[in-house]
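Q: Quick one: sequence plus predicted model below, questions after.
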Amino acid sequence: MILNNHTFAQLTQVSEKAQQCNTISEKEDSLSPRLVEKKLDLVEETLSSPPAKQITGTGSMHQRELSLLSNPRKRRRYKADHPCFVPNLRDIMTGEYWSHHFQKYIEDHQPSRLKYLYFLLLIDDFYQYRLEPHPQKLAIPNPHNIAFKLFQQVKQKQSQPFSENASPQKVQAQKQAANVTDIITAVDTNKRDSVLQVSCVLQFFYLQKIFFVTKSGQISLVNDEEFSRNVIGLEELRGPKLSMDSSLLPSAPSDLEHASSKNLSSASTMLASLSTLSLRDPEDKGNRQNDKNLERQQLAIELQHLDISFDVFQFWGDTTQSSPLYTFKEYCLILYYNFIRKGSPHLIQLSDKQLIADIEKSFFHIQVDQKDGLVKKTLKSQIPFTVFDKMWLAVFRYVHQVFTDCKKKKKIKIKNNIFFPCFPSYRSQKKNSHCLFCPNVQLIFFVGCNIPLTQKSLFQESLFNLNKKYNLVKVRKTFFKPGNQHLLFSNHNSDFCKKKKKEETRLKLDQRRSGMTNESHLDLAFESDVEFLKKLEERHTLRKESEKKSRSEDEATEDEDPISRIEEYLKSGKSLRDANIKGVSFLMYCCATINEELGCKIIEEGIDVDMMEPWDYGQTPLHVCAQMDMYMLAEKILEKSKEKKEEEEVLQAVTDDMPVQYGMFESGGRTPIHYSAIHGNTNLLKLFLRYIPSERQKTALLQKDMDGNDVWTLALMYKHFDIAKYLMELNCWVAPRDEDASSLSTIDLKAISEKLQLKRNQDSKTTRARFDQYNDDIVANEKNCMRQVFVVKNVLSEQLCKQILHYIGSVNMEWTTTRHRSYATTDIPSYYLDFQFDEWLRQLLRKFLFPSIIEKYHLSKSFEFGFKDLFFVKYSSLGQNHLQLHRDGSFVSFNLLLNDKSDFVGGGTFFQHLDQVVEIQRGQCCIHSGKVLHAGNAITQGERYILVGFLEGKDRSKNSLIK
Ligand SMILES: O=C(O)CCC(=O)C(=O)O
Ligand SMILES: [Fe+2]
């Protein structure tokens, strides 16, 4: 069945419910204690005990204690309801970051983390912006997310605090000026990094265009449209200036409404000075502390002379004011100056220099002055969208790195399988279309991937909020299976998942105790499968017994760690062919988690690694590399393939037509080379070309996808002009028929690109028609062998089927009902069970079933199958007794009857095109194309158990199109 979970209507309903709950909790929650922290309390409960003394006062004693606690690591030791508690980044990321409560983290936790959150938020917002029907402007997230608490504290100090119940007019009338020293005090009370905090707040004031500087050096409130037009002199933010030039301070405007642009731009200069106070040169490792102190002192001095007024109301957490809009260019600058440039106050230390260079290249024309050697940057008039993808990726790489490092040093116990995300990629700008991100709902992955199995409730909430936020109409099944499955299909089953996790851990512990992990289960398996299963069962019984002997919960919640498992496999030299993590091969797992190092290691050391593994719609690891800018892994794949003289095949693996979100379709027939152009990854494109002999490069580049687009066309379609130009330099392009210009100097690439935007939408329709046609053809064309349904006898012996069922029963696992969205079965995926069992089963099927499928459908010997899904299905006359008419998301599907036919009445698989129910005996297997409409025929009595497999496959010999 198509991997669907819920209809959008259902999602909206639940989302609305979640929203209601949120609103209620927010009301209760407007000051503290924080709901979110309460949740985090659970996460943190194993941490060491809170300090003996509760901190309640605001006196100097209290301040001293707080200052001792300023180290976040120390503060993290406190319980979540303690005022000093600080969750770590991991919890922020894995918890509810995207959910409704994220602002509370930002308010309450240390500014050094704030930068990541805000940065992500900005990027996130950017992708939101792509959805907007008015793409000229985009909103900056409201700063109250950051400044909220600060203002609460300031507010409390004021003689006439605002009443929360007061009418807006009244509150407006009560506007109070708060002094910036108050802010500093407020900040200091919490021993935050005051400079960063203040500069951050001020910058957001500035960005919120709500103040300007008066003659007396005061900054006053302004609500003037002119401000946004004139003052975004961001060049002036370029700093680092540490002192204020008082001559720059403007004269007081006669009227707030007519604040002159000069005043305003001076305000920006001043703010620039403020914001750069926290600057530190990353290369200057020396006197940093001293410098910082000096900066602080200077800031304090400056601020004494400034009376900054602002409209607290505007920053009030409850206000619903909309964010101001900025042009795309300004937005880019804000990002750049605040997060990326070397001197940025919130510098995100992107580890990858190349990435930074790329980002800078996208923003600026960079010139070096011959005379004084100064680097001059002028902002480009056009900034490519993909720069956001790069930034997004960079941040995640960075965060991922932090996790990995911590883990290596055993600084933190990683409880979760961290699946890092793919970055959202620009797809469609079509007005009012819901198409966003990329076909794989990548943003959602981020959430889904990071939420551990044991935190399903948080996870669920995030999902619904996300659904609401992005108005996701339809989330397609996907390529990066781990995260997605996790997110979309398991989220309603938190109890089940918890149990499962514990089971796994216990099993592992038992294995360790009984020394069974060293056993080579695979030898065992093929000596006697029945024996093997009995052994597994015995192990479970053993486990259950040892469970009775009490054991600390702590031990039991220890997580299985996919990375150590992969490493263990690599060391032991076991075959990786059927090894998987949540149904995904090790290599694909690394691709999905952007773990290039481990991916390279797998290719280098792994046995039976399939580098051309066709995953969803034929996308191979190299396609993912090309999409995600994974240069190192791509190079390793190519190097290894070259040893086997397969590098061109790998580069020529083509995708199939694929449905993406919101009813859009993407053309098939795309190679990793096409992908590199689509995603603007020039380096990868160049790398790929190095592996193709020069005489064949042109053919490879001119190869068209199924919608007739060659690499050059795709580069332009996705607005990667540099790639298009590069291809023109190589003379590997064909001028569109209606263009007379044919050389780099005369052709108007922009105009062509515009036209191609239209074609892209058209292409989607063409692809869709082809996709549907393909399905229809199978049943309409009598000669198409894929319409045939076969029964394969004796795939598994009756005894083995019995034993498998017995085994599943002994594991005592709950049946899931929500894994597949539209046509849900009551099932247990094979990978939920012991991984030894899962691998054994896959090997068995590979050995005894796949050859029959190849033979029946006249596939070539070089055809290779991979499991897209493998699961046990239960029908019961009392529960789910049938499955509606549907297609599977597979090339070929099979179902194998596990129990005896006499155990139930009815059953079998109905095929619409044959108008026939195909019934099989225990151990037999019904095989059919996943594209033909079929249904699980109802049973009226008893229970029916089947093993269902969805297979994806590709004929490897057909890859070499260019030879
Ligand atoms: O119950 C059957 O025979 C069919 C099951 C099926 O089609 C599926 O699980 O996708
Ligand atoms: Fe099916």
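A: Right, received. Where do you want to start? Ligands and ions are numbered 1, 2, ... in the order given.
Q: What residues of the lengthiest helix in the chain count as buried?
A: Secondary structure of the chain per DSSP state H: the longest helix is helix 749-780. Buried residues in helix 749-780, defined by neighbour count with 16 or more other Cβ atoms under 10 Å: 749, 752-753, 756-757, 759-760, 763-764, 766-768, 771, 778-779. Placement of C-beta: from N, CA and C, glycine included.
Q: For the helix or strand where Thr940 lies, name the packing helices and strands.
A: Using DSSP states H and E, Thr940 sits within strand 939-955. Judged by 3 or more Cβ pairs under 8 Å, 6 or more residues apart in numbering; DSSP states H and E, strand 939-955 is in contact with strand 863-876, strand 892-897, strand 904-906.
Q: anything in it near ligand 1?
A: Yes - against ligand 1, strand 939-955 shows contacts by Cβ under 6 Å from any ligand atom at Ile946, Val948.
Q: circling back to that earlier point, mean confidence for the longest helix of the chain?
A: The average of the pLDDT scores along helix 749-780 is 89.
Q: that older thread, and the strand holding Thr940, is it in reach of ligand 2?
A: No - using Cβ under 5 Å from the ion, we find that strand 939-955 stays clear of ligand 2, coming within 6.8 Å at best.
Q: Indicate each strand paired with that strand and its parallel or antiparallel sense.
A: strand 863-876 (antiparallel), strand 892-897 (antiparallel), strand 904-906 (antiparallel) (DSSP bridges).
Q: which stretch in those is the model least sure about?
A: Looking at the strands paired with strand 939-955, the bottom one is strand 863-876 with a mean of 91.
Q: Could you confirm whether the helix or strand that that strand is followed by reaches ligand 1?
A: The first helix or strand that comes after strand 863-876 along the chain, using DSSP H and E, is strand 883-886. Yes - against ligand 1, strand 883-886 shows contacts by Cβ under 6 Å from any ligand atom at Leu883.
Q: Show me what strand 883-886 pairs with in its sheet, parallel or antiparallel.
A: strand 934-936 (antiparallel).
Q: Does the strand it pairs with reach ligand 1?
A: Yes - among the residues of strand 934-936, His934, Gly936 lie within reach of ligand 1 under Cβ under 6 Å from any ligand atom.
Q: can you list contacts of that strand?
A: 825, 873, 875, 882-888, 907, 909-912, 928 (Cβ atoms under 8 Å, 6 or more residues apart in numbering).
Q: Filter those residues down to the buried ones.
A: Counted by 16+ other Cβ under 10 Å, the contacts of strand 934-936 give Thr825, Val873, Tyr875, Leu883, His886, Arg887, Asp888, Gly907, Thr909, Phe910, Phe911, His928 as buried.
Q: what about the strands in the stretch 651-800 of the chain?
A: Using DSSP state E, counting those that start in this stretch, the strands assigned to the stretch 651-800 of the chain run over residues 658-659, 665-666, 790-792.
Q: List the buried residues of the longest one.
A: If I follow you right, that is strand 790-792. For strand 790-792, burial by neighbour count (16+ other Cβ under 10 Å) applies to Phe790, Val792.
Q: So which of the contacts of strand 934-936 is the closest to ligand 2?
A: Asp888 (4.2 Å; Cβ to the ion).
Q: Name the SS class of the closest one, please.
A: coil (DSSP: H, G, I helix; E, B strand; the rest coil).
Q: Distance check, the nearest residue to Arg760 once chain neighbours are set aside against Leu947.
A: Using Cβ to Cβ, 6 or more residues apart in numbering and skipping residues adjacent in sequence, the residue nearest Arg760 is Met717, 5.5 Å away. As judged by Cβ to Cβ, to the nearest Å, Met717 and Leu947 stand 43 Å apart.
Q: Kind regards, and thank you for your time.
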